[in-house]
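In: A predicted structure for the sequence below; I have some questions about it.
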Amino acid sequence: GSSNSSRLVSCLHTIYLFAEAVPILVARHCTTLHPYLNMKCSQQIDYLVLYHVTQSLEIVLPLMEHPSEEFLASVEEDLITLIMKCGQLIVQACVSCLGILINNMTHNYKLAQDCFKKFFICLAQYRKQFTENPEDPSLEAQKGVVIRSLFTVGLLCQHFEFDQGKQTHAKSAASIQNQVYDILMFFSASTDEEIRHRAISGLGFFFIRYDKMMLREQSRTLYIDILKGFDAPVKLKCQVLKNLQLHLLSDEKRLTRQNQQMRKELKREGITDLKTYGDEKSSVSGAIAQMLLDPIHHCFFHKLTQVRSAAVQVICLVLHQGLLHPISCIQYLIAICTDIDEVNRIKAEQTLIELDGKYPLFLHSQFFPGLRESFKLQTALFSTYPVRGFRNNPPISLLSHVYALIRSSKGHRHSQLKTMIKQFDEIKKTDINLLLYIADNLAHMSYQIVEEPLFVIHHVALLISTSGTTYLEQAKDAVYGRDIAQTIKDEDEEEIDEIDAVEDLPRLTEVLVNCQSCTLLILLKKHLMTQYNLTDKRCHEFSPLESTKIYDKQISRHSNVAYDPSPVLSAIQQLTLDVDYESEEFEKSALQYYKEFRDLMTQQDLSEFKCSDSEGDETADKSVKYYEKRKELPVKVRKERKPRASKTPNKDPGKKRKLSKTPAKKTRQKETTTIRYQFRFRVQRAGRQRRGLRRNVTSSLRRLTSSNSHVTS
């Protein structure tokens with residue numbers, strides 16, 4: 001029954017695990033495992049029995065002590081039979097087992113050659129028939145045989161060394177190598193997707209043995225066209241990436257398995273430097289990886305998870321084997337850290353942790369390029385507008401894990417945060433969608449200490465004060481005209497509600513679209529202050545140059561509310577998608593967005609004024625207290641000093657030398673006068689600051705009051 005078959009599969013799988021761990025324990029039971037090769041497969045689970053038995057025999061057959069020729073010949077015959085009739089999984093295991101048996105034990109190369117000829121002749125006849133008449137109806141009937149032949153020919157070339165003259169003469173072996181390559185390349189250009197898929201699969205096995213053939217222009221063009229082609233089938237993309245992965249794994253395993261044998265052969269040839277051989281193999285693999293690096297990176301941004309997973313596996317193998325410089329791959333691994341597939345994310349994060357331990361500066365230098373690539377990946381995965389930079393429940397930045405790797409260094413952390421904020425000042429070079437993505441990441445980054453959100457708020461406030469004022473003046477010029485705007489620059493703007501027409505509506509629309517970057521920053525500042533319970537005064541007092549332990553305290557979020565840029569999104573949608581300069585409604589909406597931006601800037605001025613005003617009062621109070629305290633100190637009168645004798649002789653003995661006498665009273669008067677002037681200067685400076693800010697805020701309050709009264713009416 002099915003339960004007995006399941007138990008048998010479990011037992012044989014356990015035996016295979018024992019064979020991998022301690023093969024000598026299973027070696028004496030080969031005769032017990034052999035009869036399972038002749039079993040008839042009536043259901044799918046029976047093929048698993050064959051698969052595990054073949055895998056176990058492949059490991060333990062070379063360890064048998066004095067096996068009989070009849071037993072080995074019987075195993076060879078059974079394996080050939082399975083290769084002729086079974087499916088892809090069993091064929092792959094049987095060819096591998098046959099390669100171990102013939103190459104290491106029986107040396108019956110004629111058997112392998114005869115098997116190879118059967119499949120190769122079938123392919124050659126099909127190609128000849130297709131070339132003569134592509135519309136021949138008999139070709140469809142041969143399709144199944146061709147698919148099996150393409151797969152098996154590549155496998156036989158992988159496991160049998162036809163190029164070393166063991167099976168045939170050297171001249172014919174070289175021609176066989178080229179003939180196999182030509183016929184596989186012919187079928188890889190077929191219009192039938194299934195035949196093309198099997199041909200590329202066979203090429204992958206073929207390239208494991210003859211890796212230099214992959215450097216040919218025809219092979220390179222085939223692989224690049226499949227990996228970078230938008231209309232290339234997904235099955236072919238995955239197969240090419242699987243070929244590269246198999247090549248890297250097989251090369252590493254083969255070098256490890258044949259290490260001892262290579263030492264003997266190289267020593268016999270008089271070569272004592274073992275690095276010569278290893279460097280040659282690595283140079284070919286490195287050249288292949290360098291040749292296909294850009295197409296593999298292109299697959300990182302494919303919509304399907306299976307393509308991205310295959311590309312990540314290849315890049316991780318290449319980096320593990322040291323075939324490429326890590327800096328060429330770090331930004332793409334950062335992008336994969338934002339993938340929706342958890343397996344890909346974990347694989348990329350583990351690789352970044354390993355690279356950061358070896359080359360810490362590489363990750364810091366590639367952080368922002370990686371952010372751009374992650375935005376590109378999110379854009380490819382999600383067709384909805386806009387692309388957000390955080391995950392929900394609770395909201396957390398997509399780049400939170402990467403930021404955790406660089407945050408340990410204060411200098412590097414500050415550098416990356418400033419680079420992210422600086423993009424908002426380059427609106428003409430940066431897409432607004434990318435700015436929103438950056439703002440999302442800044443808003444939901446995993447900040448650990450107080451200094452981190454305060455640093456972000458500090459630089460955001462600096463950028464708002466400079467770029468926001470510039471945008472406001474440009475918008476005012478577009479509304480009133482340059483001359484009138486210059487006239488009313490320091491006056492109230494109450495008359496804006498009664499304006500019949502905007503002076504330059506296209507210019508105003510352009511400025512309003514550009515100033516949305518500043519609006520994003522204002523919303524980001526408010527969000528961070530709310531999330532981490534930070535007051536205006538605390539943000540205003542923060543200075544990045546201060547290195548106090550107060551800012552190193554742990555911090556936590558007080559709410560899990562997501563960053564909300566909806567005002568910016570609605571403004572961009574209306575000002576870019578529904579543009580109609582002749583419409584009165586569009587003009588009114590543009591004016592409304594101008595007033596909203598002006599009010600936001602007014603609120604920023606008010607908060608700055610409150611902090612600066614309180615700071616000025618505190619400065620004046622400190623100066624008064626200092627002066628009063630200084631006045632109460634007792635005056636110390638110095639004793640008159642005796643004239644000091646001069647060490648230099650007097651040139652005129654009859655004339656007495658004048659000695660300087662500075663009374664202590666004059667010295668004390670000078671100190672008192674200096675303190676008075678310092679106090680007066682500090683009080684005057686604080687008063688000027690308060691009066692200047694009071695004038696600006698009074699004007700802003702009038703504008704805000706007038707706009708509120710207009711909205712109420």
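Out: That came through, no problem. Numbers count the residues shown, from 1 in each chain.
In: least confident secondary structure element in the protein?
Out: helix 664-712 (a mean of 55; mean pLDDT, DSSP states H and E).
In: wait, N104 sits on I59?
Out: No: using CB atoms under 8 Å as the test, N104 is too far from I59 to be in contact (11.9 Å). C-beta: built from backbone N, CA, C; applies to glycine.
In: who's more crowded, the two?
Out: More crowded of N104 and I59, by other CB atoms under 10 Å: I59, with 17 against 10.
In: ok, the more buried one touching A19?
Out: Yes: assessed by CB under 8 Å, I59 is found in contact with A19 at 4.5 Å.
In: what is in contact with those two at once?
Out: V26 (CB atoms under 8 Å, 6 or more residues apart in numbering).
In: Q218: neighbour count?
Out: If we define neighbours as other CB under 10 Å, then Q218 has 13 of them.
In: point out where the stretch 551-700 of the chain drops to low pLDDT.
Out: 578, 608-700 (pLDDT under 70).
In: swap in the stretch 1-150 of the chain?
Out: Residue ranges of the stretch 1-150 of the chain with pLDDT under 70: 1-2.
In: how does it look with 90?
Out: Along the stretch 1-150 of the chain, the model assigns pLDDT under 90 to residues 1-6, 25, 27-29, 38-46, 64-67, 85, 87, 104, 106-107, 133-141.
In: next one: the stretch 151-300 of the chain
Out: For the stretch 151-300 of the chain (pLDDT under 90), the answer is 160-177, 209-211, 229-231, 250-286.
In: how many neighbouring residues does the closest residue to Q239 other than its chain neighbours have?
Out: In space, Q239 comes closest to I200 once its chain neighbours are excluded; the distance is 5.1 Å by CB to CB, 6 or more residues apart in numbering. If you count neighbours by other CB under 10 Å, I200 ends up with 24.
In: any idea how far the one helix or strand I200 maps to is from the chain center?
Out: Using DSSP states H and E, I200 maps to helix 193-209. With CA atoms, centre = their mean, to the nearest Å as the basis, helix 193-209 stands 31 Å off its chain's centre.
In: can you pull the buried residues of it?
Out: Residues of helix 193-209 classed as buried: 195-209 (neighbour count, 16 or more other CB atoms under 10 Å).
In: repeat that for stretch 84-92.
Out: Buried residues in stretch 84-92, counting neighbours by 16+ other CB under 10 Å, are found at 86, 90-92.
In: for it, output the C-alpha coordinates as PDB.
Out: What follows is stretch 84-92, C-alpha atoms only, in PDB (Å, rounded to 0.1, in the frame of the first residue of the first chain):
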ATOM      1  CA  MET A  84      16.900   5.200 -21.300                       C
ATOM      2  CA  LYS A  85      13.400   5.100 -19.900                       C
ATOM      3  CA  CYS A  86      13.100   7.200 -16.700                       C
ATOM      4  CA  GLY A  87      12.400  10.800 -16.100                       C
ATOM      5  CA  GLN A  88      14.700  13.800 -15.600                       C
ATOM      6  CA  LEU A  89      15.400  13.400 -11.800                       C
ATOM      7  CA  ILE A  90      16.300   9.700 -12.100                       C
ATOM      8  CA  VAL A  91      18.400  10.200 -15.300                       C
ATOM      9  CA  GLN A  92      20.400  12.900 -13.500                       C
END
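In: strands of the chain, residue ranges please.
Out: 390-391, 396-397 (DSSP state E).
In: what lines up beside the first one in the sheet?
Out: This points to strand 390-391. strand 396-397 (antiparallel) (DSSP bridges).
In: residues contacting the strand it pairs with, please?
Out: 389-390, 403, 440-446.
In: quick one: which of these sit in helices?
Out: 403, 440-443 (DSSP state H).
In: want to throw the residues you listed into CSV with pLDDT, neighbour count and distance to N533?
Out: Shown next, in CSV, are these (pLDDT from 0 to 100; neighbours: other CB atoms under 10 Å; distance: CB to CB, whole Å):
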residue, pLDDT, neighbour count, distance to N533
Y403, 94, 21, 21
D440, 94, 24, 21
N441, 94, 25, 21
L442, 94, 26, 18
A443, 93, 25, 15
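In: of the residues you listed, which is the nearest to F424?
Out: Using CB to CB, L442 comes nearest to F424 of these, at 9.9 Å.
In: so what's that closest one up against?
Out: L442 sits next to 397, 417, 420-421, 456, 524, 528 when contact means CB under 8 Å, 6+ apart.
In: also K264?
Out: Residues near K264 by CB under 8 Å, 6+ apart: none.
In: also L8?
Out: Counted by CB under 8 Å, 6+ apart, L8 has contacts V49.
In: could you measure from it over to Y36?
Out: According to CB to CB, to the nearest Å, L8 and Y36 sit 9 Å apart.
In: just give me the neighbour total for R28.
Out: R28, neighbours per other CB under 10 Å, totals 12.
In: how close does the residue lying closest to it once chain neighbours are set aside sit to V95?
Out: Nearest in space to R28, with sequence neighbours left out and distances taken as CB to CB, 6+ apart, is M64 at 7.8 Å. Between M64 and V95 the computed distance is 20 Å (CB to CB).
In: the two - which one has more neighbours?
Out: In this view M64 and V95 are compared by other CB under 10 Å, and V95 has more residues nearby, 25 against 16.
In: the more buried one - nearest residue in space that isn't next to it in sequence?
Out: Leaving aside its sequence neighbours, V95 sits nearest to L155 (CB to CB, 6+ apart; 4.3 Å).
In: for that neighbour, which residues are in contact?
Out: Neighbours of L155 in contact, by CB under 8 Å, 6+ apart: 91-92, 95-96, 202, 205.
In: max pairwise distance over those: which two?
Out: For those, with distances taken as CB to CB, the pair at the greatest spread is S96 and G202 (15.0 Å).
In: my read: the residue nearest to R28 touches H29, true?
Out: No: with contact defined as CB under 8 Å, M64 does not reach H29; the gap is 10.1 Å.
In: ok so, going back, tell me what the helix holding I200 is packed against?
Out: Judged by 3 or more CB pairs under 8 Å, 6 or more residues apart in numbering; DSSP states H and E, helix 193-209 is in contact with helix 143-159, helix 170-188, helix 217-228, helix 234-257.
In: quick one: residues contacting C157.
Out: With contact set as CB under 8 Å, 6+ apart, C157 has these partners: 116, 177, 180, 205-206, 209-210.
In: how much space separates the closest residue in space to Y594 that isn't next to it in sequence from L371?
Out: Nearest residue to Y594 in three dimensions, chain neighbours excluded: A475, at 5.3 Å (CB to CB, 6+ apart). Counting by CB to CB, the gap from A475 to L371 is 30 Å.
In: same check on Y36?
Out: Counting by CB to CB - Y36 and L371 are separated by 56 Å.
In: now I200
Out: In terms of CB to CB, I200 sits 35 Å off from L371.
In: residue contacts, the residue nearest the centre of the chain?
Out: Residue closest to the average C-alpha location in the chain (CA atoms, centre = their mean): I334, at 1.5 Å. Neighbouring residues of I334 by CB under 8 Å, 6+ apart: 348, 352, 366-367, 369-371, 373-374, 399, 402.
In: now the buried members of those residues.
Out: Counted by 16+ other CB under 10 Å, those give 348, 352, 366-367, 370-371, 373-374, 399, 402 as buried.
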